[in-house]
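Engineer: can't give you the sequence, but here's the structure:
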């Protein structure tokens, strides 16, 4: 089994798309506007009949088999948006992305005005570096530098409990 898609609610679809494109994602699908009408969709989407939404599907560029991210903007959410979920709340609080181009990506993000939630840190035990930023709705995005050790652990499906 593998994860096919993760759906994340957002308060402004265009703003979120711009952010994730800066991270290296590309749009691969869209639902411009849909109103929940049937009881089947209503049950599956956990939405009341008559509720409208728009959504976009994204994937990392040049990685067609990676997990998709679906961004969903529900009617009426542009006014506020969440301020980021804490790890103690239900919902997505953090996503972790691995990049082989850590220096290039972190410099480009700084140049494009993306604020880091914390400065990059070295993790000598794993021969890697990490940095954190928040998406437009407050979801913590952790960027991890890919290296052979990290990739071997991921491919072997070994957890890194000593990091947490």
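Structural biologist: Arrived safely, thanks for sending. These numbers come from a predicted model, not from an experiment.
Engineer: when you work out contacts or count neighbours from here on, use the C-alpha atoms and nothing else.
Structural biologist: Fine.
Engineer: in the helix or strand harbouring residue 107, which residues are buried?
Structural biologist: Element membership for residue 107, per DSSP states H and E: helix 102-111. Neighbour-count burial for helix 102-111, with 16 or more other Cα atoms under 10 Å as criterion, is recorded at 102, 105, 106, 109.
Engineer: could you do stretch 56-65 as well?
Structural biologist: Under 16+ other Cα under 10 Å, the buried positions of stretch 56-65 are 56, 57, 58, 59, 60.
Engineer: would TSV of the buried residues of helix 102-111 with pLDDT and distance to residue 18 be doable?
Structural biologist: What follows is the buried residues of helix 102-111, written out as TSV (pLDDT from 0 to 100; distance: Cα to Cα, whole Å):
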residue	pLDDT	distance to residue 18
102	93	19
105	94	15
106	95	16
109	95	12
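Engineer: and those, which is closest to residue 11?
Structural biologist: Distance ranking of these against residue 11, using Cα to Cα, places residue 109 first at 21.6 Å.
Engineer: residues contacting that closest one?
Structural biologist: Residue 109 sits next to 22, 23, 115 when contact means Cα atoms under 8 Å, 6 or more residues apart in numbering.
Engineer: can you say which of those residues are buried?
Structural biologist: Buried among the contacts of residue 109 (16+ other Cα under 10 Å): residue 23.
Engineer: right, and residue 56 touches residue 27 too?
Structural biologist: Yes. The criterion here is Cα atoms under 8 Å, and residue 56 meets it with residue 27 at 6.7 Å.
Engineer: for the buried residues of helix 102-111, which two are the farthest from each other?
Structural biologist: Greatest spatial distance among the buried residues of helix 102-111 (Cα to Cα): 102 and 109, at 10.5 Å.
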